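Chemist: Below: sequence and its predicted model.
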Protein chains: 2
Amino acid sequence: MIDELSALRLIKERFQKVSKNIAIGIGDDAAAVKINPENLLLATVDSQVEGVHFVKGVISAKELGRKAIAVSVSDIGAMGGIPKFFLASVGFSGEEDEGFLEQLMDGFQSGAEEFKVDLIGGNLSSSQKLFLDITVLGEVEQHLMVKRIGATPKDIIYVSGTLGDSALGLRVLQSKTNREKNWFLISRHILPQPRLKLGRELAKKRLVTSMIDISDGLILDLERITIEHGLGAEIYIEQTPISSYYRDCISDFTKDLYDLALSGGEDYELLFTSPKDKREEIKEISEKLNIKITEIGCVTTKPRVMVLDSNRNEIKVKRRGFIHFGNY
Amino acid sequence: MIDELSALRLIKERFQKVSKNIAIGIGDDAAAVKINPENLLLATVDSQVEGVHFVKGVISAKELGRKAIAVSVSDIGAMGGIPKFFLASVGFSGEEDEGFLEQLMDGFQSGAEEFKVDLIGGNLSSSQKLFLDITVLGEVEQHLMVKRIGATPKDIIYVSGTLGDSALGLRVLQSKTNREKNWFLISRHILPQPRLKLGRELAKKRLVTSMIDISDGLILDLERITIEHGLGAEIYIEQTPISSYYRDCISDFTKDLYDLALSGGEDYELLFTSPKDKREEIKEISEKLNIKITEIGCVTTKPRVMVLDSNRNEIKVKRRGFIHFGNY
């Protein structure tokens, strides 16, 4: 059982540091931070609820703390922005002990360092099930910000990294499949890597017309940058980037090779659209940052997402994605 | 059971408005807002968890939605700031239906209008028990911001309004005590009025050395502006402001007249310190805004909060306040 005073003491010990941009951090009614006057302030919040987003024992408290930050930070990256600060609202069930709290703080600290964000406040509460609610504040120059709306017909659709690893990693964790052999997939689920540098670079060079981070599955998130704005997309299933680990493991769960790559969710890769004439520049960024970027299709005028095989025949997709509500 | 699409649709219908300060509101990876370049950005988050902070049936969904905003907005007021935007993260249990959602949105809308804050984003999730996590962003001029730290020995301690009404109102709701007769107390619990105008006016006139909103009870919150910074306080119990409704009703629950006024919590009144020579100006503000402001004691150098009777003898206080964790 965690008590208020030790929780607060631990938070203060770890995070009550001074920085020139923080006028008031932890410990007052509200935090007060300076934001560069020419920039827009970005704000996003994501929840991690026990039994909904995670299961204790499958993810450690440290990994959970870091992941909760990673997930929100990823949304800032998908706007082309730079994350700066976060607030952490935690609802503790009666089950967590001091050790859990220490580990959770380790995770917050690890995320704070890795993503260069400062904890400036939050809330502690009791709850039937553990929950974490992380609000991340960031900034972006107004003329560089990349929205979900903005794609144009014939734009190329790109995706970073490989897809489906995280969803497959979760299935490995939930099953009796060999864990040691599938460490890569598991780590993709437990230690997601938001593409902050890539998002920022694409925005700075003004190469993209729309962008989103893939949290609920490729198809569903692709709909959010096309169908929701009166456009559509064609994607070529065989160009969907999958890892060799994914390829080796997926048959333990389904015969459908691309199932989790198309609809698995929690990839936190960037999905974006870019005009054809920017192809070379996209390639240069990929090489410079050493991040795989794959062309998977193009934007169309018909408000549908069509998945095509190598003969350009449409394939029926079983699932569009993984919805557990999500941020808005 | 609430489904994602209807929840999102409702949020968009109600809150997807355009304002010159909102570059991106609901519907992208993150919200993007403009903040006046000379000001500090204020940020605070508070949770309302079912079974911890509220009980369904005791408070309606509409009142709950409004109160969740009021509680966070109150923290911005206690810094002397102006609330501007909010993010609403909601965890729905399986029990709420469409009607509940509609009412909750009515409450958000009511709070948004009353406190002049725009919803710019949030998160929807499932949860075992309903929870609301409201992040409010606001702004304040750096030289006007009022912190919890800053009191000086011999400063006068003031409090706005009357204390204990909310805690007593909750007890009325939980008991068989006549509700009609105690409507004032109940409304103080269910429809708290954050003192935004007063907080702002005190800050603008630079009359206060420290300030906090009373969420966890007078004694506990007084400790936060004194003991936590190496100071103490003397307060005169008979000067503690209580309403006539409180006076008439408290004996149904306890013989100790001031019990809930000293430690009840959820008052959302302002507690602040001010030098003696500002007394007249404080009085003028009280008259101008038509808000009762009462002198209840003074700041001391001994790091203790002492409660004194009319003969200046110390009274032992049973409880310091009501802690259910809280924001940090």
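Modeler: Cool, the structure landed. Numbering: from 1, shown residues only, chains lettered A, B, ... in the order given.
Chemist: Run through the helices of chain A in chain order.
Modeler: Secondary structure of chain A (DSSP state H): helices located at A:4-15, A:61-77, A:98-114, A:165-174, A:183-190, A:196-204, A:218-225, A:244-249, A:259-263, A:279-289.
Chemist: Just send those helices back as CSV, with distance to chain B, mean pLDDT and mean neighbour count too.
Modeler: From N, CA and C alone the C-beta is placed, and that goes for glycine too. As requested, these are exported to CSV (distance: least, Cβ to the nearest Cβ, whole Å; pLDDT from 0 to 100; neighbours: other Cβ atoms under 10 Å in any protein chain shown):
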stretch, distance to chain B, mean pLDDT, mean neighbour count
helix A:4-15, 5, 80, 15
helix A:61-77, 4, 97, 26
helix A:98-114, 12, 93, 19
helix A:165-174, 17, 95, 23
helix A:183-190, 18, 96, 21
helix A:196-204, 9, 98, 21
helix A:218-225, 9, 94, 24
helix A:244-249, 25, 97, 18
helix A:259-263, 15, 95, 24
helix A:279-289, 19, 98, 14
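Chemist: what's the closest of these to B:C298?
Modeler: Across the helices of chain A, B:C298 has its closest neighbour in helix A:4-15 (27.3 Å, Cβ to Cβ).
Chemist: can you give me the offset of the closest one from its chain's centre?
Modeler: Relative to its chain's centre, helix A:4-15 lies at 28 Å (Cα atoms, centre = their mean, to the nearest Å).
Chemist: Repeat that for stretch A:149-164.
Modeler: If you compare the mean C-alpha spot of stretch A:149-164 with that of the full chain, they lie 16 Å apart, counting by Cα atoms, centre = their mean.
Chemist: cool, stretch A:247-265 as well?
Modeler: Taking Cα atoms, centre = their mean, the mean C-alpha location of stretch A:247-265 is offset from the chain mean by 20 Å.
Chemist: Which residues does that stretch contact?
Modeler: A:162-164, A:166-168, A:171-172, A:175, A:177, A:181-182, A:185, A:214-220, A:237, A:240-242, A:246, A:307, A:317-322 (Cβ atoms under 8 Å, 6 or more residues apart in numbering or on different chains).
Chemist: Distance check, A:E284 against A:I293.
Modeler: As judged by Cβ to Cβ, to the nearest Å, A:E284 and A:I293 stand 10 Å apart.
Chemist: A:L101 too?
Modeler: Using Cβ to Cβ, we find A:L101 at a distance of 40 Å from A:I293.
Chemist: same thing with A:F272?
Modeler: Looking at A:F272 against A:I293, where the rule is Cβ to Cβ, the gap reads 9 Å.
Chemist: Repeat that for A:K276.
Modeler: Distance of A:K276 to A:I293, given as Cβ to Cβ: 15 Å.
Chemist: Which of those two has more residues huddled nearby?
Modeler: Using other Cβ atoms under 10 Å in any protein chain shown as the criterion, A:K276 and A:I293 rank with A:I293 on top: 22 against 9.
Chemist: The residue of the stretch 101-250 of chain A found nearest chain B pairs with what?
Modeler: With Cβ to the nearest Cβ, the shortest gap between the stretch 101-250 of chain A and chain B falls at A:L124, namely 3.6 Å. For A:L124, the beta-bridge partners are A:V90, B:G326 (DSSP bridges).
Chemist: residues contacting it?
Modeler: A:E4, A:A7, A:L8, A:S89, A:V90, A:F92, B:F325, B:G326, B:N327, B:Y328.
Chemist: switch to 7 Å and redo it
Modeler: Shown here is A:L124, whose contacts under the criterion Cβ atoms under 7 Å, 6 or more residues apart in numbering or on different chains are A:E4, A:A7, A:V90, B:F325, B:G326, B:Y328.
Chemist: Identify the residues contacting the spatially most central residue of chain A.
Modeler: Of all residues in chain A, the one closest to the mean position by Cα atoms, centre = their mean is A:Y268, 3.4 Å from it. For A:Y268, the residues meeting the contact criterion (Cβ under 7 Å, 6+ apart) are A:S74, A:P192, A:Q193, A:P194, A:D213, A:I214, A:S215.
Chemist: if you skip the residues just before and after it, what's nearest to the first one?
Modeler: When the adjacent residues along the chain are set aside, A:S74 lies closest to A:P194, with 3.5 Å between them (Cβ to Cβ, 6 or more residues apart in numbering or on different chains).
Chemist: How many neighbouring residues does the one you found have?
Modeler: Look at A:P194: counted by other Cβ under 10 Å, it has 24 neighbours.
Chemist: That one contacts A:D75, doesn't it?
Modeler: No: the criterion here is Cβ atoms under 7 Å, and A:P194 misses it with A:D75 at 8.4 Å.
Chemist: residues in contact with A:P153?
Modeler: Contact partners of A:P153, counting by Cβ under 7 Å, 6+ apart, are A:L231, A:V299, A:T300, A:T301.
Chemist: ok, these vs chain B, which is closest?
Modeler: A:L231 (15.5 Å).
Chemist: Was I right to think the closest one contacts A:V299?
Modeler: Yes: the pair A:L231 and A:V299 qualifies as a contact (Cβ under 7 Å) at a distance of 5.6 Å.
Chemist: Overlap in contacts, these two.
Modeler: With Cβ under 7 Å, 6+ apart, A:L231 and A:V299 have common neighbours A:A151, A:P153.
Chemist: Pull up the distance across stretch A:235-255, start to finish.
Modeler: Between the opening and closing residues of stretch A:235-255 there is a gap of 20 Å (Cα to Cα, to the nearest Å).
Chemist: List the buried residues for that stretch?
Modeler: A:I235, A:Y236, A:I237, A:T240, A:P241, A:I242, A:S243, A:Y245, A:Y246, A:C249, A:I250 (16 or more other Cβ atoms under 10 Å in any protein chain shown).
Chemist: Give me the subset of those that lies in strands.
Modeler: Judged by DSSP state E, the buried residues of stretch A:235-255 include A:I235, A:Y236 as members of strands.
Chemist: gap between the spatially closest residue to A:N327 that is not a sequence neighbour and B:I24?
Modeler: Among residues not flanking A:N327 along the chain, B:N123 sits closest, at 4.3 Å (Cβ to Cβ, 6+ apart). According to Cβ to Cβ, B:N123 stands 16 Å off from B:I24.
Chemist: Check A:G51 too.
Modeler: When A:G51 is compared with B:I24 (using Cβ to Cβ), they lie 32 Å apart.
Chemist: try A:N290
Modeler: Note on A:N290: its distance to B:I24, by Cβ to Cβ, is 30 Å.
Chemist: who has more neighbours, those two?
Modeler: When neighbours are counted by other Cβ under 10 Å, A:N290 and B:I24 differ, and B:I24 comes out ahead with 22 against 6.
Chemist: OK, contacts around the more buried one?
Modeler: Residues touching B:I24, when contacts are defined by Cβ under 7 Å, 6+ apart, comprise A:K147, B:A31, B:A32.
Chemist: now with 10 Å?
Modeler: Shown here is B:I24, whose contacts under the criterion Cβ atoms under 10 Å, 6 or more residues apart in numbering or on different chains are A:40, A:42-43, A:79, A:140, A:145, A:147-149, B:30-33, B:120-121.
Chemist: before we move on, what about A:I291?
Modeler: With contacts taken as Cβ under 10 Å, 6+ apart, A:I291 has the following neighbours: A:S160, A:G161, A:Q193, A:R195, A:K197, A:L198, A:E201, A:E269, A:L270, A:I285.
Chemist: Repeat that for A:R14.
Modeler: A:I26, A:E102, A:M105, A:D106, A:F108, A:Q109, A:A112, A:L119 are the contacts of A:R14 under Cβ under 10 Å, 6+ apart.
Chemist: what do you get if the cut-off is 7 Å, keeping everything else the same?
Modeler: When contacts are counted by Cβ under 7 Å, 6+ apart, A:R14 is found next to A:M105, A:Q109.
Chemist: A:G297 against A:Y236, yeah?
Modeler: Yes: taking Cβ under 7 Å as the definition, A:G297 is a contact partner of A:Y236 at 5.7 Å.
Chemist: Can you list the buried residues in stretch A:129-147?
Modeler: Those would be A:129-140, A:144-147, for stretch A:129-147 by 16+ other Cβ under 10 Å.
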